[in-house]
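Peer 1: with the input below, show me the fold.
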Amino acid sequence: MTGAKPPSGVDRSHAPWLLSAAICGAVLRLGWLNELALEHYDEGVYASNLVFLADEGGQFPGRPLFAPPLWPAVIEWFTIGWRMVSTTSPRWLPMLPGLLCGIAVIPSVWLVARRWFGPTAGVSAAWLVALSEYHAFYSRTALTEAPLILAWLWALYWISLALDRADMRTAVIAGTVTALGWWTKYNGWLPLAIGLSGGVAAQILLPANEQTWSRLLRTLAVIVGTAVLCWLPVLWDCQSVGGYAAVAANHRGYLEPSSRWFVNLVHQGQNLDAYFGPVSWLGVVIAVLPMFGLPPHRWRLVGGLLLIVLVAVSAYLLGPALGLLLAGGLAAIGVGLDRWRRDQLSRTEIIAACLLSAWLLGLLLATPMYRPYPRLVMPLWLAGVMGTAWFASQCAAYCRPADFSRNRHVVAAGLTTTLAVGTMFIGGTTVWEDRMALARASDDIAASLTAERTAGDPPVVFVYGEPALFVALRERGVAAGLSGNLGFVDRPPPTATYLVAGLFADRDAGFQEEWSRVQDRFVAVKSWSVRPSSLVLLDNLSPAELRDGSPELERTLTLYRLTPR
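Peer 2: Model prediction:
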């Protein structure tokens, strides 16, 4: 084969650009941490281990229905470690593991893209991730997306190495890393599906003298077997909620009819656009600069026109954020197939290209089958990043590299860093959106309960369907209980009893039904107007409703006192 294997070391001319991307990405993710607090329902689930007492199970009731045990345990032990060396715990502490994972993705995607497709692809991928306001926003949460993406990326990298080398030790590592992602989120097994389909495709595309089906099947069997064995404790963990069948049934509730596939894909594009501002645009421009050096005479007229049409249609239908990345990924696959036909791909690049194709096309088909929560599209987004970076690399291969000295690269990277950071602080970014709404409400509720107390035992307040608010109240020393129903009304504690309800309760049919039966037992003490961030709102509203000022942007939390019979 004539294709050269992509280099794996750090090119001296690219080192300043990698450092610049890492600095910009860290600033974007670590800025204004004091604006962060638990807010999303699932954040409250994952970050609540320490506030549940031992006789309450030490974790959120039914936690296996939401996620495997790894991420709640990571947040718990990060918190314990912090409290061992500090007397205060900032409200952003539960987000710290996600922040570290989000920052770690930047050098990780550089290394994986470089090993797969070469130095230019590595730098392009690093900038696309570093300045992605979408990825940065979700890195600043206690949700599972940031660690999942990190584990997913490394799982596919080790799978590619195992397929390339047919080495059993490498296959065991690949299976173990895959299991790590599977311990983080239930869809963490998908790298196995990508590895199986991509591995078979690569075996077909490799030259006949390199096709060894027995070694391929043995390697895949070791990867899958290791991953399943390492994941079995999670299967045991699910028994507390009725086994994995109960978990799967819960997940099926998020599936939507196939007729909504395109509608949901467009919706996901709009979700990404909500986090696509000047900083993200700058990242795209830096990442695709190698494409603009392609001499016109090298372009084939038909291919160039098709590319323009693909980009235009994708951006028009799906918006710039998702449309451009999918267009870049699909174009990369097309160019890669042409290069394979002309025997210009190395074995490493063929395997990587097949894995990337299975990753991109598989998730493009599967992701819109689910309710369009913005965070669910992140694995597909990352596939688009890798594909666009590969396309940039293939375009750059036709260009004569600029004869810049290392000092010029350092100066240019420094100026780019200044421009990017300046854009963040001057132009603003959705990444630094205020997420303190529930934290402020918890302070007010705690103060109101103190004012209400006259004598006797401390009052008990039941929080209906707001785990993040429940965690905040318990951390403030309030005797709070988390409730999914109003059954406590018939068996109230022997002390003053209160109820906090609003955001979740307003959308819960079960609450409305129960409330109609018992509302005469409650007296409203105080209400608070609460405006959640887009992290919460985009789960139920479209970006257009968010932008146009839907009445649902402003929610109300009310503190009620239960009156004695």
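Peer 1: quick one: buried residues of stretch 439-449?
Peer 2: Within stretch 439-449, the residues scored as buried using 16 or more other CB atoms under 10 Å are 439, 441-442, 445-446, 448-449. The way it works is simple: take the backbone N, C-alpha and C, and place the C-beta from them, glycine included.
Peer 1: and for stretch 206-221?
Peer 2: Buried, per 16+ other CB under 10 Å, within stretch 206-221: 206, 216, 219-220.
Peer 1: same check on stretch 427-443?
Peer 2: 429-433, 435-439, 441-442.
Peer 1: next: stretch 446-461.
Peer 2: 446, 448-449, 459-461.
Peer 1: model confidence for the residue nearest the centre of the chain, exactly?
Peer 2: Geometric centre of the chain, nearest residue: residue 145, 2.8 Å, by CA atoms, centre = their mean. Looking at residue 145, its pLDDT stands at 96.
Peer 1: and if you look at residue 487?
Peer 2: Residue 487 is given a pLDDT of 88.
Peer 1: residue 518 versus that one, what's the distance?
Peer 2: 10 Å (CB to CB, to the nearest Å).
Peer 1: and these two? Which one has more around it.
Peer 2: The residue with more neighbours, out of residue 487 and residue 518, is residue 518; 14 against 11, by other CB atoms under 10 Å.
Peer 1: part of a helix, is that one?
Peer 2: Yes: assessed by DSSP: H, G, I helix; E, B strand; the rest coil, residue 518 belongs to a helix.
Peer 1: ok, so of the buried residues of stretch 427-443, who is nearest residue 257?
Peer 2: Taking CB to CB as the measure, residue 430 is the one of the buried residues of stretch 427-443 closest to residue 257, at 31.0 Å.
Peer 1: surely the closest one touches residue 272?
Peer 2: No: look at residue 430 against residue 272 with CB atoms under 8 Å: they stay out of range, at 11.3 Å.
Peer 1: any chance of the buried residues of stretch 439-449 in TSV, plus secondary structure and pLDDT?
Peer 2: Listed next are those as TSV, based on DSSP: H, G, I helix; E, B strand; the rest coil; pLDDT from 0 to 100:
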residue	secondary structure	pLDDT
439	helix	94
441	helix	93
442	helix	93
445	helix	93
446	helix	92
448	helix	89
449	helix	88
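Peer 1: would you state the strands of the chain in chain order?
Peer 2: In the chain, the segments counted as strands under DSSP state E are 460-464, 479-483, 497-501, 522-530, 555-562.
Peer 1: helices and strands of the protein: which one bottoms out on pLDDT?
Peer 2: helix 301-341 (a mean of 81; mean pLDDT, DSSP states H and E).
Peer 1: so which other helices or strands are in contact with that helix?
Peer 2: Judged by 3 or more CB pairs under 8 Å, 6 or more residues apart in numbering; DSSP states H and E, helix 301-341 is in contact with helix 261-273, helix 278-288, helix 347-366, helix 378-396.
Peer 1: can you tell me what sits against the second one?
Peer 2: To tie it back to what came earlier, the one meant is helix 278-288. Under the criterion CB atoms under 8 Å, 6 or more residues apart in numbering, residues 28, 123-125, 127-128, 130-134, 320-321, 324, 328, 388-389, 392, 416, 419-420, 423-424, 427, 429, 431 lie in contact with helix 278-288.
Peer 1: just give the number of residues close to the closest residue to residue 271 other than its chain neighbours.
Peer 2: Nearest residue to residue 271, sequence neighbours excluded (CB to CB, 6 or more residues apart in numbering): residue 374, at 3.9 Å. By other CB under 10 Å, the residues close to residue 374 number 23.
Peer 1: again, but for residue 53
Peer 2: Neighbours of residue 53 using other CB under 10 Å come to 9.
Peer 1: mind checking the backbone torsions on it?
Peer 2: Here the main-chain torsion angles of residue 53 (degrees, to the nearest 10) amount to phi -70, psi 170.
Peer 1: ok so, going back, check contacts around the residue nearest to residue 271.
Peer 2: 134, 138, 268, 271-272, 274-275, 538-539.
Peer 1: which residues in the stretch 51-200 of the chain form helices?
Peer 2: For the stretch 51-200 of the chain, helices defined by DSSP state H, counting those that start in this stretch occupy the ranges 70-85, 96-117, 119-130, 133-139, 145-165, 168-184, 190-205.
Peer 1: and among the ones you listed, the most buried is which?
Peer 2: Among the helices of the stretch 51-200 of the chain, ranked by average contacts under mean count of other CB atoms under 10 Å, first place goes to helix 119-130 (a mean of 30).
Peer 1: now the angle from that one to helix 378-396?
Peer 2: Calculated by axes from the mean of the first three to the mean of the last three CA atoms, to 10 degrees, helix 119-130 forms an angle of 140 degrees with helix 378-396.
Peer 1: and the residue nearest to residue 264 when sequence neighbours are not counted, what is it in contact with?
Peer 2: Of all residues not flanking residue 264 in the chain, residue 368 sits nearest, at 3.9 Å (CB to CB, 6+ apart). Shown in contact with residue 368 (CB under 8 Å, 6+ apart): 260-265, 268.
Peer 1: got TSV for those, with neighbour count and pLDDT too?
Peer 2: Formatted as TSV, those follow (neighbours: other CB atoms under 10 Å; pLDDT from 0 to 100):
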residue	neighbour count	pLDDT
260	16	95
261	15	96
262	12	95
263	13	95
264	19	95
265	22	95
268	24	96
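Peer 1: can I get those in a markdown table with distance to residue 118?
Peer 2: Putting these into a markdown table (distance: CB to CB, whole Å) gives the following:
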| residue | distance to residue 118 |
| --- | --- |
| 260 | 39 |
| 261 | 34 |
| 262 | 35 |
| 263 | 38 |
| 264 | 34 |
| 265 | 30 |
| 268 | 30 |
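Peer 1: residue 72: which of those residues is nearest?
Peer 2: Closest to residue 72, out of all of the contacts of residue 368 and judged by CB to CB, is residue 268, at 26.8 Å.
Peer 1: how about the closest one, nearest residue that isn't a chain neighbour?
Peer 2: Going by CB to CB, 6+ apart, residue 268 has residue 377 as its nearest residue, at 4.5 Å.
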